[in-house]
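Engineer: take this sequence and fold it.
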Amino acid sequence: MALYPQARRAVENHSRERSVADPGYDIAAAREEARKAVADTPREEVAEVRDVLANGVPARLYLPAGYDGVVLHAHGGGFVFNDVEVHDASVRRLANRSGMAVLSVDYRRPPEHRFPAAPDDVTAALDWVREQPELSGLPVFAHGDSAGGNLALVAALRRPGVLAGLALIYPFLDPTASFDSYRTAADGFDPAEAHWYWRQYAATPADLTDPDLAPLLSDRLGTLPPTIVVTAEHDPLRDEGEHLAVLLAESGVEVVASRALGQVHGFWRHDTVFPAAEPLMRQVAGWLRMVAER
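Structural biologist: Predicted coordinates:
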């Protein structure tokens with residue numbers, strides 16, 4: 001249960017930042033800072049990248065040479081933060097490693113646009129993928145990290161039988177924040193912050209028990225396609241992701257689950273900081289290819 005050195009430094013750095021749960025936290029400024037932070041990030045070339053409107057939803061489509069599948073990507077950020085630009089470098093790597101087209105969805109975010117705006121946008125984008133002649137006939141997957149994992153999962157539940165597979169990186173699933181890892185593994189991610197994100201996202205208290213917001217409550221988990229779930233050892237979200245994997249297995253879904261030892265929430269996107277990020281990207285890309293080639 002030891003933090004790896006890079007994760008330990010990340011936790012130390014995070015401890016010096018202002019918590020989102022603090023009164024007066026400036027969401028707009030934090031969003032702008034995230035975009036500035038990635039402005040100089042090296043970005044791999046992809047054969048074609050274009051911004052599109054996917055049934056009215058802004059999105060970015062990445063088309064590597066010879067692509068033979070499609071991945072719908074929903075970015076993480078507690079539903080509130082990040083966008084296609086912040087995730088651009090990571091999505092380029094996903095497209096190149098998997099050899100598949102990737103549609104990164106710029107879904108509406110709270111608190112300006114509360115539930116169900118985000119899942120509605122991601123579902124609309126998934127429908128758009130299926131309508132495009134250049135993508136027709138290709139296996140379609142959904143992928144998401146953190147809050148994006150929630151949105152990818154909900155899209156799969158809303159459109160049973162559509163996806164060939166589902167890839168979830170430390171998904172954010174439980175608005176009650178009641179799993180034991182919130183007490184034993186909350187390194188660099190205060191449980192108070194998790195509650196804050198859910199308060200921004202839900203439009204009403206009743207939303208917190210809606211399966212489209214809290215998909216662990218869904219009675220349709222057995223309809224999901226083959227799924228891979230990856231969690232981080234030092235992450236309060238760890239147990240809810242692993243609980244999902246158990247529920248899927250018990251429902252007859254083909255599921256692969258793994259825990260990244262020594263890692264904290266958010267490591268997937270930061271390949272220049274965490275040595276585990278690139279191997280995870282290749283693990284998921286390999287799984288996508290394996291499922292697509294069946």
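
Engineer: not counting its own residues, what contacts the helix or strand containing residue 129?
Structural biologist: Following DSSP states H and E, the helix or strand that holds residue 129 is helix 117-131. Applying Cβ atoms under 8 Å, 6 or more residues apart in numbering, the contact partners of helix 117-131 are 54-57, 59, 70, 72, 74, 79, 103, 105, 107-110, 135-136, 140, 142, 151-152, 154-155, 158-159, 162, 201, 212-213. (Each C-beta comes from the backbone N, C-alpha and C, glycine too.)

Engineer: buried subset of those?
Structural biologist: 54, 57, 59, 70, 72, 74, 79, 103, 105, 107-110, 135, 140, 142, 151-152, 154-155, 158-159, 201, 212-213 (16 or more other Cβ atoms under 10 Å).

Engineer: in strands only, show me the contacts of helix 117-131.
Structural biologist: 54, 57, 59, 70, 72, 74, 103, 105, 140, 142 (DSSP state E).

Engineer: of the residues you listed, which is the nearest to residue 186?
Structural biologist: For the ones in strands among the contacts of helix 117-131, the minimum distance to residue 186 (Cβ to Cβ) is 23.7 Å, reached by residue 74.

Engineer: test my guess that that closest one contacts residue 143.
Structural biologist: Yes: the criterion here is Cβ atoms under 8 Å, and residue 74 meets it with residue 143 at 7.5 Å.

Engineer: which residues do the two both contact?
Structural biologist: Contacts common to residue 74 and residue 143, judged by Cβ under 8 Å, 6+ apart, are residue 152.

Engineer: list the residues that contact the residue nearest the centre of the chain.
Structural biologist: Among the residues of the chain, the one closest to the centroid is residue 145, at 2.0 Å (Cα atoms, centre = their mean). Shown in contact with residue 145 (Cβ under 8 Å, 6+ apart): 75, 76, 169, 170, 171, 268, 269.

Engineer: lowest-pLDDT helix or strand in this structure?
Structural biologist: One helix or strand of the chain scores below all others by mean pLDDT, DSSP states H and E: helix 5-15, with a mean of 93.

Engineer: list the contacts of that helix.
Structural biologist: 3, 187-189, 234, 262-264, 266-267, 273-275.

Engineer: could you redo the last one with a cut-off of 6 Å?
Structural biologist: For helix 5-15, contacts defined as Cβ atoms under 6 Å, 6 or more residues apart in numbering pick out 187, 188, 262, 263, 264, 273, 274.

Engineer: that one: which residues count as buried?
Structural biologist: 6, 7, 8, 10, 14.

Engineer: show me how far that helix is from its chain's centre.
Structural biologist: Computed by Cα atoms, centre = their mean, to the nearest Å, the chain-centroid distance of helix 5-15 equals 21 Å.

Engineer: show me what the strand ranked longest in the chain is packed up against.
Structural biologist: Determined from DSSP E, the single longest strand within the chain is strand 255-264. Based on contacts counted as 3 or more Cβ pairs under 6 Å, 6 or more residues apart in numbering; DSSP states H and E, the elements that strand 255-264 packs against are helix 5-15, strand 227-234, helix 238-250.

Engineer: export the ones you listed to JSON lines and tack on distance to residue 291?
Structural biologist: Formatted as JSON lines, those follow (distance: least, Cβ to Cβ, whole Å):
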{"stretch": "helix 5-15", "distance to residue 291": "30"}
{"stretch": "strand 227-234", "distance to residue 291": "9"}
{"stretch": "helix 238-250", "distance to residue 291": "15"}
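
Engineer: can you check which of these gets nearest to residue 221?
Structural biologist: Ranking the helices and strands packed on strand 255-264 by proximity to residue 221 (Cβ to Cβ) places helix 238-250 first, at 5.5 Å.
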